[in-house]
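[1] please find the sequence and the predicted model below.
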Amino acid sequence: MAAPSWPERLRAASKTALVQDGKRKIHYLFEDGKEMADEYDLQSGQLLSRKWREKNTLGGSTKWQVEVGEPTSPLMGTLESELIKESSSNPIFTRKDTLSSFQWRIRNLPYPKEVYSVSLEKEQRCCVIRTTNKK
């Protein structure tokens, strides 16, 4: 028997939805124990974030893995915030999907936007961001 297609998995999942803070939030619980949480803007209908998590080997839930949108910062005072973590001043790259395009957004850039140049490398299929300063 073939594995179910994505639309079939969505139809079979247990769904919970609510409207809060100008967002429509939908939580999916799939038959294999995986969870997906989507947030949509009520005004535009755009997907703001999509997160996944699954059960670990002992049956507990793992941390949310952000697929679309900006990752949420851990709450202060938790054990995770006491461990080694990346600097909050580092640039943050996030993806935003709209009906007509895929967008990549960059936060926490240390210089004014005039210092940066963006180019496409067709051979490597990548986008390169450079600064014009001499560092």
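    Cool, got the structure.

[2] longest helix in the protein, please.
    helix 6-12 (DSSP state H).

[3] right, and the helix or strand after that helix?
    Once helix 6-12 ends, the next helix or strand along the chain (criterion: DSSP states H and E) is strand 14-20.

[4] what residues does the next helix or strand after that following strand touch?
    Next helix or strand after strand 14-20 toward the C-terminus (DSSP H and E): strand 23-29. Defining contact as C-beta atoms under 8 Å, 6 or more residues apart in numbering, one finds that strand 23-29 is touched by 10, 13-19, 35-42, 48. Bear in mind the C-beta positions are built from the backbone N, C-alpha and C, glycine included.

[5] same deal with stretch 42-57?
    Applying C-beta under 8 Å, 6+ apart, the contact partners of stretch 42-57 are 19, 22-24, 32-41, 61-70, 96-99.

[6] next, the distance between the ends of it.
    Stretch 42-57 has an end-to-end distance of 37 Å (C-alpha to C-alpha, to the nearest Å).

[7] then stretch 116-132?
    Terminal residues of stretch 116-132 are spaced 6 Å apart (C-alpha to C-alpha).

[8] pLDDT averaged over that stretch - what is it?
    In this model, stretch 116-132 has an average pLDDT of 88.

[9] same question for stretch 19-26.
    92.

[10] center of this structure - which residue?
    With distances taken as C-alpha atoms, centre = their mean, the residue of the chain nearest its centroid is Val68 (2.9 Å).

[11] that one pairs with what?
    With DSSP bridges as the criterion, Val68 is bridged to Arg50.

[12] contacts only, for it.
    Val68 neighbours (C-beta under 8 Å, 6+ apart): 47-50, 95-97.

[13] can you give me the pLDDT of it?
    Looking at Val68, its pLDDT stands at 83.

[14] now list the buried members of the contacts of strand 23-29.
    13, 35-40, 48 (16 or more other C-beta atoms under 10 Å).
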